[in-house]
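[1] after the sequence you'll find the predicted model.
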Amino acid sequence: MPRWGIVGTGDISDRLVSDLLAIGGDISAVWGRTADRASDFATRHGIPSSTDDRAALFARDDVDIVYIATPAVTHTAITLEALDAGKHVLVEKPIATSAADAELLFARAAQVDRFLMEAMWMRFNPLHVEIIDRIAAGELGAIRNVRASFGTPFFPRPGKERPEDGGSILRDRGIYPVTLAHWFLGEPDDVQARGVVSERVDLAGHATLDSAGGAFAQLAWSGVDFLDLSAAISGERGWITLDPMFWAGSDARVHAGSAERIFREPERIGHPRVGNGYGPMLEAVGTAIESGLREHPWHDAATSISITRTLDRILADISSESR
């Protein structure tokens, strides 16, 4: 397994590192914005070294890959630093705040021959893996509709929603519904979106993504109120409902196969979550790097760039509508 360096000491890093250690991951060092934050994080997780100097972490011979979990607006610059230092990179979603920056990152990774992936852990969740496989096998027939929403009141720490910090509820939460839609419908031909914007930061919104042939997705996200946290994928032969929280859940119902299954007794499928749910993704990343891959086929460069492009289009529609 590759040896890890951790960049960022927030809540997401806390949860991911716990899972990384649980699967036997080797973490050499952690970087934090201050020496105290880095030291506290290292002590809490038993990491042998900490620093507030990113260049020093990137220069370490005992770090093969870095996990980056800093504010989204910093992802591009820090990922470039890591790649140029010769490190493989797993960067928290969103990988960047524009499709142009996402393209830049993957181009640089190819240039320096290093692995790069956006940490879309939902794709590696065993529940989602089974659903994707069953739909690919034709269980629902052609997919015609995806419905998903992610809305919970958001109580930011000071500065979290400042425009200069790249705050975006769409990129933070709406990325999950958009990603789900991309899995089954691909990149949309048309995007129509509306939203709530405050001080140039999107706080809530909804969108319809239309594809050729009439297939469509209905998506919503919010940081100011609750929305239904389930999702559904519907096709010509039935549908699958993912129970809340659809992006991190462990249970779904398959309404397909017979009239009884469709209307009265759907098949229940479940994959109990282990730890915080990051383990399958982390194992997949480690295996990919050991195999010499520079992208993971389940969430590769083309996928991340395509999803980021859709996020850009949604935000452009919301921004023009709010003026």
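    Good, I have the coordinates. Residues are numbered from 1 along each chain as shown.

[2] flag the shaky bits of the stretch 51-200 of the chain, pLDDT-wise.
    155-166 (pLDDT under 70).

[3] same question but for the stretch 201-323 of the chain, I mixed them up
    321-323.

[4] name the residues that touch stretch 64-72?
    Residues outside stretch 64-72 that contact it (Cβ atoms under 8 Å, 6 or more residues apart in numbering): 2-8, 10, 12-13, 16, 20, 57-58, 75, 78-79, 82, 87-92, 94, 96-97, 115, 119, 165-166, 168, 171-172, 285, 289. C-beta here means a position set from N, CA and C on the backbone, and glycine is covered the same way.

[5] how about the CA coordinates for that stretch, as PDB?
    Output of stretch 64-72 as PDB, limited to C-alpha atoms (Å, rounded to 0.1, in the frame of the first residue of the first chain):
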ATOM      1  CA  ASP A  64       3.800   8.500  -1.900                       C
ATOM      2  CA  ILE A  65       0.300  10.000  -2.100                       C
ATOM      3  CA  VAL A  66      -1.400  13.000  -0.500                       C
ATOM      4  CA  TYR A  67      -5.000  13.400   0.500                       C
ATOM      5  CA  ILE A  68      -6.100  17.000   0.100                       C
ATOM      6  CA  ALA A  69      -9.100  18.300   2.200                       C
ATOM      7  CA  THR A  70      -8.800  22.100   2.300                       C
ATOM      8  CA  PRO A  71     -11.300  24.700   1.100                       C
ATOM      9  CA  ALA A  72     -12.400  24.000  -2.400                       C
END
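
[6] what sits against His182?
    303, 306-307, 310.

[7] same list (those residues) but as JSON lines, adding secondary structure, neighbour count and distance to Ile27.
    Formatted as JSON lines, those follow (DSSP: H, G, I helix; E, B strand; the rest coil; neighbours: other Cβ atoms under 10 Å; distance: Cβ to Cβ, whole Å):
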{"residue": "Thr303", "secondary structure": "helix", "neighbour count": "21", "distance to Ile27": "27"}
{"residue": "Ser306", "secondary structure": "helix", "neighbour count": "19", "distance to Ile27": "32"}
{"residue": "Ile307", "secondary structure": "helix", "neighbour count": "25", "distance to Ile27": "28"}
{"residue": "Thr310", "secondary structure": "helix", "neighbour count": "24", "distance to Ile27": "34"}
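
[8] farthest-apart pair in the residues you listed, please.
    Across these, no pair lies farther apart than Thr303 and Thr310, at 11.0 Å, counting by Cβ to Cβ.

[9] quickly list what the closest residue to Leu140 other than its chain neighbours is bridged to.
    Spatial nearest neighbour of Leu140, excluding adjacent residues (Cβ to Cβ, 6 or more residues apart in numbering): Gly235 at 3.2 Å. Counting by DSSP bridges, Gly235 is bridged to Ile143, Gly238.

[10] going forward can the numbers begin at 736, since that is how I track them
    Yep, numbering from 736; the last one is Gly970 now.

[11] contacting residues for Gly973?
    Gly973 neighbours (Cβ under 8 Å, 6+ apart): 874-876, 989-992, 996-997.

[12] just these: which are in helices?
    Secondary structure assignment by DSSP state H places 996-997 of the contacts of Gly973 in helices.

[13] now for the contacts of Gly973: which two are most distant?
    Gly876 and Arg996, at 14.3 Å, using Cβ to Cβ across the contacts of Gly973.

[14] the residue nearest to Leu875: neighbour count?
    Gly970: 19 surrounding residues under other Cβ atoms under 10 Å.

[15] ok, it - contacts?
    Here Gly970 is in contact with 870, 875-879, 991 (Cβ under 8 Å, 6+ apart).

[16] with Ala883 instead?
    By Cβ under 8 Å, 6+ apart, Ala883 lies in contact with 911-912, 915-916, 952-955, 965-967, 981.

[17] turn those residues into JSON lines, including secondary structure, distance to Asp836 and neighbour count.
    Output for those, formatted as JSON lines (DSSP: H, G, I helix; E, B strand; the rest coil; distance: Cβ to Cβ, whole Å; neighbours: other Cβ atoms under 10 Å):
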{"residue": "Tyr911", "secondary structure": "helix", "distance to Asp836": "20", "neighbour count": "23"}
{"residue": "Pro912", "secondary structure": "helix", "distance to Asp836": "22", "neighbour count": "28"}
{"residue": "Leu915", "secondary structure": "helix", "distance to Asp836": "23", "neighbour count": "26"}
{"residue": "Ala916", "secondary structure": "helix", "distance to Asp836": "22", "neighbour count": "29"}
{"residue": "Ala952", "secondary structure": "strand", "distance to Asp836": "24", "neighbour count": "25"}
{"residue": "Gln953", "secondary structure": "strand", "distance to Asp836": "28", "neighbour count": "16"}
{"residue": "Leu954", "secondary structure": "strand", "distance to Asp836": "23", "neighbour count": "26"}
{"residue": "Ala955", "secondary structure": "strand", "distance to Asp836": "26", "neighbour count": "20"}
{"residue": "Ser965", "secondary structure": "coil", "distance to Asp836": "32", "neighbour count": "17"}
{"residue": "Ala966", "secondary structure": "strand", "distance to Asp836": "28", "neighbour count": "25"}
{"residue": "Ala967", "secondary structure": "strand", "distance to Asp836": "32", "neighbour count": "18"}
{"residue": "Phe981", "secondary structure": "coil", "distance to Asp836": "27", "neighbour count": "26"}
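
[18] good, wrapping up.
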